[in-house]
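**Q** The following block contains a protein sequence and its predicted model.
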Amino acid sequence: MVRLSRAETQERNRAKVLTAARDEFARRGFREAKIDVIAERAELTRGAVYSNFPGKRALYFAVLADLAERAPRPATPPPDPAAADVLAAFARAWIARLPLATDTDSEDARLARDLLPEVLADEHTRRPFAQLMRVDAILLGLALERARPGRRLVRVAEAALTTLHGASQLAAAAPGFGEPFHLVTACAALLDLGLSDDWPAEPAITTQARPDGQPWDPPAATDLLTGEPFRPGDGVVTVLGLHRAAAFEEAVRAGADVTAVLVTSDPGELAPLARLAVADLRGCLDQAIAPPARPRLRLVCDAGGELAAAAGVTAVSDATETAVRVEDGRIVVRAEGFGACHAAAVGPGPSRSSGS
């Protein structure tokens, strides 16, 4: 028998716990699920479960994130459509996931129904989730802008996501209520409402960028928007805690090629929540617009802080806001604090990033 390394053993045990936890959460719901039962199903000890996940809620978020990331992706990406078609296709994909009146006791429905109550349980999860919803709105808005350039469409995306999240809650509380195709039509019509959505020339509060000469030698990372591994190269790298997660838009609007790196002081619980929020959005976005038609933006959940450390950020928190500009394999500009993403994109250096 081949002896597994410690890392391989831990990865195998983690996978066994996730599988067992999915079965237990689907059968009993989050609140009634028991860690002892999950450990028994996984043929592990209770301590082995907690060595991989700090608590039951962290395990629940990890199960949902793993399922969302493993969901099948379209074999043939959609063509480059108009913005209204993108929004309609996105809404159809979202509505298609909702339980019907006849299957409210399905496994997927039982698994997901405790998510928002657990997010709302305390400020520790609620505040990061609010920022993650803003991240989702920015990502959807940027996709819409590629199909209809000339105006910022993040407010339209916010309105659409508000409508669709409301539909999700009603599907759980009042199954069968409403006409799904009317919701699709309503979301598509948001583009013609003329919602005010101006973007300031620079943030109201901004820090000063300063020159830097540190070599840029980042580890490989996984892009949450594609699921593909990559190694960040030239452009602006933003390292953002989950209380400031949406600030990467400042660098995007400044015209930079952006890698947004999300970090947290609680990677056990909040990192899977971040992965889940992006994977849920990506699952619908994949069915609405092909990845090449989206903005040149990469999004990373840096649970271990390795990518942040490569950017010179050795201590992270949910309030972290640091950005660096990389050119020719070196960090040429660094900024920290409010407005850092904008400052790194436009601040002093040998040259300025361009693109998007």
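**A** That came through fine.
**Q** Point to the helix or strand of this structure where mean pLDDT is at its lowest.
**A** Among the helices and strands of the chain, helix 107-112 carries the lowest confidence by mean pLDDT, DSSP states H and E, at a mean of 76.
**Q** who are the neighbours of the host helix or strand of Phe30, in terms of helices and strands?
**A** If you go by DSSP states H and E, Phe30 is part of helix 6-32. Judged by 3 or more C-beta pairs under 8 Å, 6 or more residues apart in numbering; DSSP states H and E, the packing partners of helix 6-32 are helix 35-42, helix 46-52, helix 56-70, helix 107-112. C-betas here are computed from N, CA, C, even on glycine.
**Q** tell me which element Leu262 is part of?
**A** Per DSSP H and E: strand 258-263 holds Leu262.
**Q** That strand: partners in the sheet, and parallel or antiparallel?
**A** Strand pairing for strand 258-263, using DSSP bridges, gives strand 235-241 (parallel), strand 297-301 (parallel).
**Q** Which one, of the helices and strands packed on helix 6-32, ends up nearest to Glu249?
**A** helix 56-70 (22.9 Å; C-beta to C-beta).
**Q** Contacts only, for Glu69.
**A** 227, 275, 279 (C-beta atoms under 8 Å, 6 or more residues apart in numbering).
**Q** In CSV, list those along with distance to Phe338, pLDDT and neighbour count.
**A** Below are the contacts of Glu69 laid out as CSV (distance: C-beta to C-beta, whole Å; pLDDT from 0 to 100; neighbours: other C-beta atoms under 10 Å):
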residue, distance to Phe338, pLDDT, neighbour count
Gly227, 32, 91, 13
Arg275, 26, 98, 23
Ala279, 29, 96, 21
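**Q** In JSON lines, list those along with secondary structure.
**A** Below are the contacts of Glu69 laid out as JSON lines (DSSP: H, G, I helix; E, B strand; the rest coil):
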{"residue": "Gly227", "secondary structure": "coil"}
{"residue": "Arg275", "secondary structure": "helix"}
{"residue": "Ala279", "secondary structure": "helix"}
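**Q** count of residues packed around Asp318?
**A** Asp318 has 20 neighbours, counted by other C-beta atoms under 10 Å.
**Q** which secondary structure element contains it?
**A** Using DSSP H and E, no helix or strand contains Asp318.
**Q** Spatially, what comes nearest to it if we skip its sequence neighbours?
**A** Distance criterion C-beta to C-beta, 6 or more residues apart in numbering; nearest residue to Asp318, sequence neighbours excluded, is Gly241 at 4.0 Å.
**Q** The one you found against Thr322, yeah?
**A** No. Counting by C-beta atoms under 8 Å, Gly241 sits too far from Thr322 to count as a contact (9.5 Å).
**Q** Ala137: which of the strands paired with strand 258-263 is closest?
**A** strand 297-301 (13.6 Å).
**Q** pLDDT on that closest one, on average?
**A** Averaged over strand 297-301, pLDDT sits at 96.
**Q** Next: stretch 149-156.
**A** Per-residue scores along stretch 149-156 average to 94.
**Q** Average the pLDDT values over stretch 337-356 and round to the nearest integer.
**A** 75.
**Q** Any idea how far apart the tips of stretch 33-53 sit?
**A** Length of stretch 33-53, first residue to last, C-alpha to C-alpha, to the nearest Å: 15 Å.
**Q** List the buried residues for that stretch?
**A** 33, 35, 37-39, 41-42, 44, 48-50, 52-53 (16 or more other C-beta atoms under 10 Å).
**Q** Of all pairs in the residues you listed, which one spans the longest distance?
**A** Ala33 and Ala48 (16.8 Å).
**Q** circling back to that earlier point, for the contacts of Glu69, give me CSV that also has distance to Asp302.
**A** CSV is the format used below for those (distance: C-beta to C-beta, whole Å):
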residue, distance to Asp302
Gly227, 16
Arg275, 11
Ala279, 16
